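Peer 1: sequence first, then the predicted structure, then my questions.
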Protein chains: 2
Amino acid sequence: MEARAPRPGVPVRGSGSGRPVMAALDLLGRRWTMRILWELSQAPAGFRELQRRCERMSSSVLSTRIEELTDARLLALDGDGYHLTPLGQGLVEALKPLGAWSRRWAEEMGPATEGGPE
Amino acid sequence: MEARAPRPGVPVRGSGSGRPVMAALDLLGRRWTMRILWELSQAPAGFRELQRRCERMSSSVLSTRIEELTDARLLALDGDGYHLTPLGQGLVEALKPLGAWSRRWAEEMGPATEGGPE
DNA sequence: CCCTCCTGCTTCGATTTTCGAATCACTATG
DNA sequence: CATAGTGATTCGAAAATCGAAGCAGGAGGG
(Lines give C-alpha, C1' and ligand atoms only; values in the text may rest on other atoms or scores of the structure.)
Protein backbone atom coordinates (compact mmCIF):
# COMPACT_ATOMS: atom_id res chain seq x y z
CA MET A 1 0.00 0.00 0.00
CA GLU A 2 1.04 3.57 -0.23
CA ALA A 3 0.14 5.37 2.97
CA ARG A 4 3.16 7.14 4.35
CA ALA A 5 3.53 8.03 7.95
CA PRO A 6 5.59 11.09 8.80
CA ARG A 7 8.90 10.23 10.36
CA PRO A 8 11.45 12.41 12.05
CA GLY A 9 14.27 13.22 9.68
CA VAL A 10 12.08 13.03 6.60
CA PRO A 11 10.47 16.16 5.16
CA VAL A 12 6.75 16.15 5.76
CA ARG A 13 3.85 18.16 4.52
CA GLY A 14 4.04 21.61 5.95
CA SER A 15 7.76 21.46 6.55
CA GLY A 16 10.72 20.61 4.40
CA SER A 17 13.05 20.45 7.34
CA GLY A 18 12.25 17.05 8.74
CA ARG A 19 12.58 18.45 12.23
CA PRO A 20 11.15 15.90 14.64
CA VAL A 21 8.54 18.23 16.07
CA MET A 22 7.27 19.05 12.58
CA ALA A 23 6.94 15.39 11.72
CA ALA A 24 5.04 14.93 14.97
CA LEU A 25 2.76 17.87 14.22
CA ASP A 26 2.08 16.42 10.78
CA LEU A 27 1.25 12.99 12.13
CA LEU A 28 -0.90 14.27 14.98
CA GLY A 29 -2.59 16.83 12.76
CA ARG A 30 -4.40 14.15 10.79
CA ARG A 31 -7.98 13.58 11.71
CA TRP A 32 -8.62 11.00 14.42
CA THR A 33 -4.96 10.38 15.16
CA MET A 34 -4.87 11.91 18.63
CA ARG A 35 -8.26 10.47 19.43
CA ILE A 36 -7.08 6.97 18.58
CA LEU A 37 -4.05 7.35 20.82
CA TRP A 38 -6.27 8.75 23.54
CA GLU A 39 -8.67 5.83 23.36
CA LEU A 40 -5.94 3.22 23.33
CA SER A 41 -4.35 4.84 26.35
CA GLN A 42 -7.55 4.03 28.23
CA ALA A 43 -7.55 0.38 27.17
CA PRO A 44 -6.42 -1.80 24.26
CA ALA A 45 -9.08 -2.49 21.66
CA GLY A 46 -9.66 -4.49 18.51
CA PHE A 47 -10.38 -2.87 15.18
CA ARG A 48 -14.14 -2.78 15.47
CA GLU A 49 -14.20 -1.85 19.11
CA LEU A 50 -11.79 1.00 18.42
CA GLN A 51 -14.04 2.12 15.62
CA ARG A 52 -17.02 2.03 17.96
CA ARG A 53 -15.22 4.03 20.62
CA CYS A 54 -14.31 6.75 18.13
CA GLU A 55 -17.95 7.49 17.34
CA ARG A 56 -18.01 4.97 14.50
CA MET A 57 -15.28 6.67 12.51
CA SER A 58 -14.98 5.32 9.00
CA SER A 59 -13.19 2.01 8.76
CA SER A 60 -11.12 3.14 5.80
CA VAL A 61 -9.61 6.01 7.74
CA LEU A 62 -9.13 3.89 10.82
CA SER A 63 -7.23 1.40 8.73
CA THR A 64 -5.02 4.14 7.33
CA ARG A 65 -4.36 5.65 10.75
CA ILE A 66 -3.52 2.27 12.24
CA GLU A 67 -1.01 1.73 9.50
CA GLU A 68 0.56 5.15 9.99
CA LEU A 69 0.76 4.77 13.75
CA THR A 70 2.15 1.27 13.42
CA ASP A 71 4.79 2.51 10.99
CA ALA A 72 5.61 5.20 13.51
CA ARG A 73 5.98 2.50 16.17
CA LEU A 74 3.36 4.00 18.41
CA LEU A 75 0.93 1.11 18.03
CA ALA A 76 1.11 -2.65 17.84
CA LEU A 77 -1.32 -5.50 17.44
CA ASP A 78 -1.31 -8.66 19.50
CA GLY A 79 -3.81 -11.15 20.85
CA ASP A 80 -5.53 -8.51 22.97
CA GLY A 81 -5.99 -6.13 20.05
CA TYR A 82 -4.23 -2.86 19.39
CA HIS A 83 -2.23 -1.31 22.17
CA LEU A 84 0.27 1.49 22.60
CA THR A 85 3.96 0.75 22.43
CA PRO A 86 6.19 2.33 25.07
CA LEU A 87 6.87 5.08 22.55
CA GLY A 88 3.15 5.59 22.09
CA GLN A 89 2.61 5.68 25.81
CA GLY A 90 5.31 8.31 26.00
CA LEU A 91 3.45 10.41 23.46
CA VAL A 92 0.22 10.14 25.41
CA GLU A 93 2.15 11.19 28.50
CA ALA A 94 3.49 14.18 26.61
CA LEU A 95 -0.07 15.03 25.62
CA LYS A 96 -1.41 14.86 29.16
CA PRO A 97 -0.89 18.56 29.94
CA LEU A 98 -3.31 19.16 27.10
CA GLY A 99 -6.07 17.63 29.21
CA ALA A 100 -5.30 19.98 32.05
CA TRP A 101 -5.12 22.94 29.71
CA SER A 102 -8.44 22.06 28.10
CA ARG A 103 -10.16 22.25 31.46
CA ARG A 104 -8.74 25.69 32.04
CA TRP A 105 -9.86 26.62 28.56
CA ALA A 106 -13.36 25.37 29.38
CA GLU A 107 -13.39 27.53 32.49
CA GLU A 108 -12.46 30.66 30.60
CA MET A 109 -14.76 29.98 27.68
CA GLY A 110 -17.46 28.45 29.79
CA PRO A 111 -19.00 31.39 31.63
CA ALA A 112 -20.18 32.71 28.29
CA THR A 113 -21.07 29.43 26.66
CA GLU A 114 -21.91 26.96 29.40
CA GLY A 115 -25.15 25.32 28.54
CA GLY A 116 -24.97 21.76 29.63
CA PRO A 117 -22.72 18.77 29.48
CA GLU A 118 -24.37 15.47 28.84
CA MET B 1 -18.87 33.58 8.11
CA GLU B 2 -19.99 30.18 9.07
CA ALA B 3 -16.82 28.47 10.17
CA ARG B 4 -17.37 26.92 13.57
CA ALA B 5 -14.60 26.61 16.06
CA PRO B 6 -14.88 23.78 18.54
CA ARG B 7 -15.51 24.98 22.06
CA PRO B 8 -15.58 23.13 25.33
CA GLY B 9 -19.12 22.28 26.32
CA VAL B 10 -20.36 22.00 22.78
CA PRO B 11 -20.44 18.68 20.95
CA VAL B 12 -17.80 18.53 18.26
CA ARG B 13 -17.02 16.26 15.40
CA GLY B 14 -15.76 12.99 16.73
CA SER B 15 -17.43 13.39 20.07
CA GLY B 16 -20.95 14.18 21.12
CA SER B 17 -19.93 14.77 24.70
CA GLY B 18 -18.47 18.24 24.50
CA ARG B 19 -15.79 17.23 26.96
CA PRO B 20 -13.11 19.92 26.92
CA VAL B 21 -10.33 17.61 25.85
CA MET B 22 -12.38 16.35 22.90
CA ALA B 23 -13.07 19.91 21.78
CA ALA B 24 -9.36 20.59 22.05
CA LEU B 25 -8.49 17.47 20.06
CA ASP B 26 -10.96 18.51 17.39
CA LEU B 27 -9.58 22.02 17.14
CA LEU B 28 -5.95 20.94 17.17
CA GLY B 29 -6.63 18.08 14.79
CA ARG B 30 -7.32 20.43 11.90
CA ARG B 31 -4.53 20.91 9.47
CA TRP B 32 -2.09 23.74 10.23
CA THR B 33 -3.66 24.61 13.56
CA MET B 34 -0.82 23.45 15.78
CA ARG B 35 1.71 24.77 13.32
CA ILE B 36 0.17 28.24 13.46
CA LEU B 37 0.25 28.23 17.24
CA TRP B 38 3.82 26.99 17.13
CA GLU B 39 4.92 29.74 14.78
CA LEU B 40 3.19 32.49 16.72
CA SER B 41 4.80 31.25 19.90
CA GLN B 42 8.15 32.08 18.30
CA ALA B 43 7.08 35.58 17.32
CA PRO B 44 3.96 37.53 16.37
CA ALA B 45 3.35 37.83 12.65
CA GLY B 46 1.04 39.49 10.17
CA PHE B 47 -1.20 37.52 7.84
CA ARG B 48 1.24 37.25 4.98
CA GLU B 49 4.29 36.67 7.10
CA LEU B 50 2.48 33.91 8.94
CA GLN B 51 1.57 32.38 5.61
CA ARG B 52 5.19 32.56 4.51
CA ARG B 53 6.41 30.92 7.71
CA CYS B 54 3.99 28.04 7.28
CA GLU B 55 5.48 27.01 3.94
CA ARG B 56 3.07 29.20 2.01
CA MET B 57 -0.05 27.48 3.29
CA SER B 58 -3.15 28.52 1.39
CA SER B 59 -4.53 31.87 2.40
CA SER B 60 -8.08 30.56 2.48
CA VAL B 61 -7.24 27.98 5.11
CA LEU B 62 -5.11 30.43 7.04
CA SER B 63 -8.05 32.80 7.13
CA THR B 64 -10.33 30.03 8.38
CA ARG B 65 -7.86 28.90 11.04
CA ILE B 66 -7.32 32.44 12.24
CA GLU B 67 -11.04 32.84 12.65
CA GLU B 68 -11.35 29.57 14.55
CA LEU B 69 -8.44 30.34 16.83
CA THR B 70 -9.70 33.84 17.42
CA ASP B 71 -13.14 32.49 18.31
CA ALA B 72 -11.41 30.11 20.70
CA ARG B 73 -9.62 33.08 22.27
CA LEU B 74 -6.18 31.71 21.55
CA LEU B 75 -5.24 34.41 19.06
CA ALA B 76 -5.70 38.13 18.71
CA LEU B 77 -4.75 40.79 16.21
CA ASP B 78 -3.21 44.13 17.09
CA GLY B 79 -0.79 46.61 15.60
CA ASP B 80 2.06 44.10 15.66
CA GLY B 81 0.07 41.43 13.86
CA TYR B 82 -1.35 38.23 15.22
CA HIS B 83 -0.17 37.05 18.59
CA LEU B 84 -1.10 34.45 21.18
CA THR B 85 -3.42 35.37 24.00
CA PRO B 86 -2.46 34.18 27.49
CA LEU B 87 -4.78 31.23 26.87
CA GLY B 88 -2.98 30.47 23.64
CA GLN B 89 0.39 30.75 25.35
CA GLY B 90 -0.89 28.29 27.92
CA LEU B 91 -1.76 25.86 25.16
CA VAL B 92 1.69 26.15 23.64
CA GLU B 93 3.15 25.53 27.07
CA ALA B 94 0.98 22.43 27.36
CA LEU B 95 2.30 21.31 24.00
CA LYS B 96 5.96 21.75 24.93
CA PRO B 97 6.48 18.19 26.18
CA LEU B 98 5.59 17.18 22.64
CA GLY B 99 8.82 18.77 21.45
CA ALA B 100 10.81 16.77 23.93
CA TRP B 101 8.97 13.58 23.07
CA SER B 102 9.53 14.11 19.34
CA ARG B 103 13.28 14.20 19.87
CA ARG B 104 13.11 10.91 21.72
CA TRP B 105 10.97 9.56 18.90
CA ALA B 106 13.58 10.68 16.39
CA GLU B 107 16.27 8.86 18.35
CA GLU B 108 14.35 5.62 18.42
CA MET B 109 13.21 5.78 14.82
CA GLY B 110 16.47 7.02 13.42
CA PRO B 111 18.90 4.19 14.13
CA ALA B 112 16.46 1.53 13.02
CA THR B 113 15.20 3.17 9.85
CA GLU B 114 18.34 1.93 8.22
CA GLY B 115 18.46 1.85 4.50
CA GLY B 116 15.62 4.16 4.46
CA PRO B 117 15.25 7.36 2.50
CA GLU B 118 13.05 7.08 -0.56
C1' DC C 1 -19.02 -30.20 5.39
C1' DC C 2 -21.82 -26.27 6.02
C1' DC C 3 -23.62 -22.53 8.31
C1' DT C 4 -23.12 -18.65 11.41
C1' DC C 5 -20.70 -15.29 13.77
C1' DC C 6 -16.73 -13.12 14.85
C1' DT C 7 -12.37 -10.82 13.39
C1' DG C 8 -9.19 -7.28 10.75
C1' DC C 9 -9.40 -4.98 6.66
C1' DT C 10 -10.47 -3.26 1.63
C1' DT C 11 -13.28 -1.12 -2.05
C1' DC C 12 -15.51 2.69 -4.08
C1' DG C 13 -18.78 6.44 -4.98
C1' DA C 14 -20.26 10.51 -2.34
C1' DT C 15 -19.19 14.26 0.64
C1' DT C 16 -16.10 17.51 2.96
C1' DT C 17 -11.77 19.77 3.42
C1' DT C 18 -7.80 21.74 1.60
C1' DC C 19 -5.34 23.81 -2.03
C1' DG C 20 -3.61 27.93 -4.52
C1' DA C 21 -3.74 31.58 -7.80
C1' DA C 22 -6.34 35.49 -8.61
C1' DT C 23 -8.60 39.07 -6.73
C1' DC C 24 -10.98 42.53 -3.60
C1' DA C 25 -11.10 46.47 -0.32
C1' DC C 26 -8.50 49.43 2.20
C1' DT C 27 -4.39 52.38 3.51
C1' DA C 28 -0.27 54.74 2.74
C1' DT C 29 3.25 56.83 -0.15
C1' DG C 30 5.07 59.09 -4.18
C1' DC D 1 -3.17 58.66 -10.41
C1' DA D 2 0.20 54.78 -9.68
C1' DT D 3 2.33 51.63 -6.81
C1' DA D 4 2.77 48.75 -2.96
C1' DG D 5 1.59 47.11 1.31
C1' DT D 6 -2.07 45.05 4.39
C1' DG D 7 -5.91 41.39 5.78
C1' DA D 8 -9.14 38.64 3.59
C1' DT D 9 -12.37 36.33 -0.04
C1' DT D 10 -13.58 33.65 -4.29
C1' DC D 11 -13.77 29.49 -6.88
C1' DG D 12 -12.42 25.45 -9.61
C1' DA D 13 -9.44 21.58 -8.79
C1' DA D 14 -7.25 18.16 -5.91
C1' DA D 15 -6.91 15.54 -1.76
C1' DA D 16 -8.77 13.68 2.45
C1' DT D 17 -12.57 11.71 4.69
C1' DC D 18 -16.89 9.37 4.93
C1' DG D 19 -19.69 5.16 5.24
C1' DA D 20 -22.00 1.16 3.67
C1' DA D 21 -21.02 -2.95 1.59
C1' DG D 22 -18.16 -6.69 1.03
C1' DC D 23 -13.78 -9.87 1.37
C1' DA D 24 -10.82 -13.34 3.59
C1' DG D 25 -9.90 -16.01 7.47
C1' DG D 26 -10.74 -18.33 12.04
C1' DA D 27 -13.76 -20.58 15.66
C1' DG D 28 -17.70 -23.14 17.04
C1' DG D 29 -21.98 -25.77 16.36
C1' DG D 30 -25.21 -28.84 13.75
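Peer 2: Yes, it's here.
Peer 1: remind me, longest helix of chain A?
Peer 2: helix A:86-113 (DSSP state H).
Peer 1: can you pull the contacts of the closest residue to DNA strand C within chain A?
Peer 2: Closest to DNA strand C within chain A is residue A:46: 2.1 Å, counting by CB to the nearest atom of the strand. (Glycine included, C-beta is placed from N, CA and C.) By CB atoms under 8 Å, 6 or more residues apart in numbering or on different chains, residue A:46 lies in contact with A:81-82.
Peer 1: let's see that with 7 Å instead.
Peer 2: residue A:81 (CB atoms under 7 Å, 6 or more residues apart in numbering or on different chains).
Peer 1: coming back round to it: now do the longest helix of chain A: which elements does it pack against?
Peer 2: Applying 3 or more CB pairs under 7 Å, 6 or more residues apart in numbering or on different chains; DSSP states H and E, we find helix A:86-113 packed against helix A:33-42, helix B:20-28, helix B:86-109.
Peer 1: where does pLDDT dip in chain A?
Peer 2: Low-confidence segments of chain A, defined by pLDDT under 70, span residues A:1-3, A:14-17, A:111-118.
Peer 1: got the residues of it near DNA strand D?
Peer 2: A:30-32, A:56-61, A:64 (CB under 7 Å from any atom of the strand).
Peer 1: any of those residues buried? List them.
Peer 2: Neighbour-count burial (16 or more other CB atoms under 10 Å in any protein chain shown) applied to the residues of chain A next to DNA strand D gives A:30-32, A:57, A:61, A:64.
Peer 1: how about the residues of chain A by DNA strand C?
Peer 2: Counting by CB under 7 Å from any atom of the strand, chain A sits next to DNA strand C at A:1, A:13-14, A:46-49, A:58-60, A:62-63, A:66-67, A:77, A:81.
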